[in-house]
Every structure is written in structure tokens, then in C-alpha cells.
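> structure here, sequence nowhere to be found:
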Ligand code: FPP
């Protein structure tokens, strides 16, 4: 199936009401597989369809950044078969879809420690980043071997190095300057965080970037999450009143 074969109805939500950055914790593949009396790998494969759907729709809707949590630093504790299946799916995704992503001007960014991945996955990810580095359309961030605390500690270490090597002054550090040391440097903060399967946790995902995010916890398991479900989440976001710690201007 071609990644961008279907077209999204762009008229349902005014552009200014859409989030700039959507992050998704694609949870429930294991439970979905269990329901179908199959191994977890079967659930992860089934989860590729909604991956395609949210990428296509986000791109059609001109959402600036879509971040998908594909593999956490904690996921190494799963069985070797499951880890292999996930790494295989990631490679397959790039082999099959990279040309279409480039055609659509999608910029791939990997969040996480690529160097801790098996060589094949690492090479595929470096290649995808390189081939899309001049793309100016949607940012598609894949969090792979990612943990937010690790990301923050790494940023602090990189900043400390620059203090020593470039003479930066700790007292002058700002939130903006610090965020440029994160994997998400230059990207907007998360506006909408979606976690499927009814679980209501952040699981070490984009802790710094989620400071003012709106949350949505659809109960569907990830492989069952449809384009309609995604549109519902976006509509619910569009109707929220975001105050960022301030007060409503209307005086209510
Ligand atoms: C959580 O479900 C899901 C994952 C650990 C992996 C999700 C990865 C994919 C859908 C493939 C991603 C590929 C690309 C290219 C983005 P779980 O297994 O923890 O579910 P459970 O809680 O029901 O066991």
C-alpha cells in the first residue's frame, strides 16, 4: 500500500486550531496480539497501519512535527524475538517508504541514541536522516532507543562541555538555549500528546517538551487506532482552551 495513497479531509479543523507538534505513544500492540492469540510481533506489524495513517494525515494537515515513540531505552528488556521484530519493522518502513517521504518533503529526525542500536538499524536511520536533511516539510521524529531522562542528562553534559570549551556562563542559561541541546533542538514544544490503549502515563517520553501539552488518552489499542480516531483527537484539541498558566483574555 502506498503511504500517501488516501487524501485527508483538510476542511474539518481551521489550520490555526491545529497543533504544531503531535506526539504519540503507540501503546497496546502486545494486548492486541494477545486478543488475536498471537505473539507481540504480530501486534507491532498490525501497528504499522496506524503509523502510516497518522503520518499521512499529519502531513496533509500541515502539522509541523509528528513524533512517534517507536522504541524506548526500557524496551531492550523484551525478548530478543520481539526486539528483532521491532528493529526489522523500522528498517522495513524506511526501505519501503523513504522515497515517498522524500517526495513529500518530509524531514526525518531520530530522537534517541542511534549508536546503541544494532548496526543494520543504525545505518538505515543515519541514511534516512541524511537523505531527508534538506527536506523542508513536516518533521517526522521517530523516538528510537529513546529515554527522556537520558536526553536531558545528555543535554546537560553537552552544555557543561560548551561551558568548558566555549566559555558559556551557567548563570546565563535560558530554557530556550537549553532546549537546543535536546534531540528536538529547533522543533516546537509538544502541543498534543496522545497515548492509546487507555494507559495514562508519560513513560519517559519528551518530559521537557511536554511542559504545556494537552493530553488525550483514547482507549483503543494502537493497531485499532483509525484515521477517524486521529481526527477526533485533533478536534478535541482544537476545542481546548489553552492558557499556559495565564488567565483567559475574555475576563471569564
Ligand atoms: C507499545 O505496545 C508499542 C511499542 C513498544 C512499539 C511500537 C512500535 C511500532 C508500532 C512500530 C514503529 C515503527 C515505526 C516506523 C514508527 P506494547 O507492546 O507495549 O503493548 P502492550 O502494553 O499491550 O503490551
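That came through, no problem. Predicted model only: the values in this text are computed from it and were never measured.
> distance of the spatially closest residue to residue 39 that is not a sequence neighbour from residue 141?
Spatial nearest neighbour of residue 39, excluding adjacent residues (CB to CB, 6 or more residues apart in numbering): residue 33 at 6.0 Å. For every residue, glycine as well, the C-beta is placed using N, CA and C. Note on residue 33: its distance to residue 141, by CB to CB, to the nearest Å, is 26 Å.
> quick one, which of those two is more surrounded?
Each of residue 33 and residue 141 has its neighbours counted (other CB atoms under 10 Å); residue 141 has more, 25 against 22.
> tally of neighbours for the residue lying closest to the more buried one once chain neighbours are set aside?
Leaving aside its chain neighbours, residue 141 sits nearest to residue 67 (4.0 Å; criterion: CB to CB, 6+ apart). By other CB under 10 Å, the residues close to residue 67 number 26.
> with residue 217 instead?
Residue 217 has 16 neighbouring residues, counting by other CB under 10 Å.
> isn't it right next to residue 193, touching?
No - look at residue 217 against residue 193 with CB atoms under 8 Å: they stay out of range, at 9.2 Å.
> for the residue in the chain that the ligand sits nearest to, give me its contacts.
Distance from the ligand to each residue of the chain (CB to the nearest ligand atom) is smallest for residue 30, at 2.3 Å. Applying CB atoms under 8 Å, 6 or more residues apart in numbering, we find residue 30 in contact with 40, 43.
> how about stretch 146-161: buried residues?
Burial within stretch 146-161, assessed by neighbour count using 16 or more other CB atoms under 10 Å, is assigned to 146-148, 150-151, 155, 159.
> assign a three-state SS to residue 13, would you?
coil (DSSP: H, G, I helix; E, B strand; the rest coil).
> ok, the closest residue in space to it that isn't next to it in sequence to residue 132 distance?
In space, and not counting its chain neighbours, residue 13 is closest to residue 238: 4.9 Å by CB to CB, 6+ apart. Separation of residue 238 from residue 132 (CB to CB) stands at 29 Å.
> swap in residue 140?
Distance from residue 140 to residue 132, counting by CB to CB: 8 Å.
> who has more neighbours out of residue 238 and residue 132?
Legend: neighbour count by other CB under 10 Å for residue 238 and residue 132, higher for residue 132 (21 against 15).
> Provide a list of residues in contact with the more buried one.
Residue 132 sits next to 98, 101-102, 106-108 when contact means CB under 8 Å, 6+ apart.
> could you do residue 184 as well?
With CB under 8 Å, 6+ apart, residue 184 has these contacts: 67, 109, 111, 141, 206, 209.
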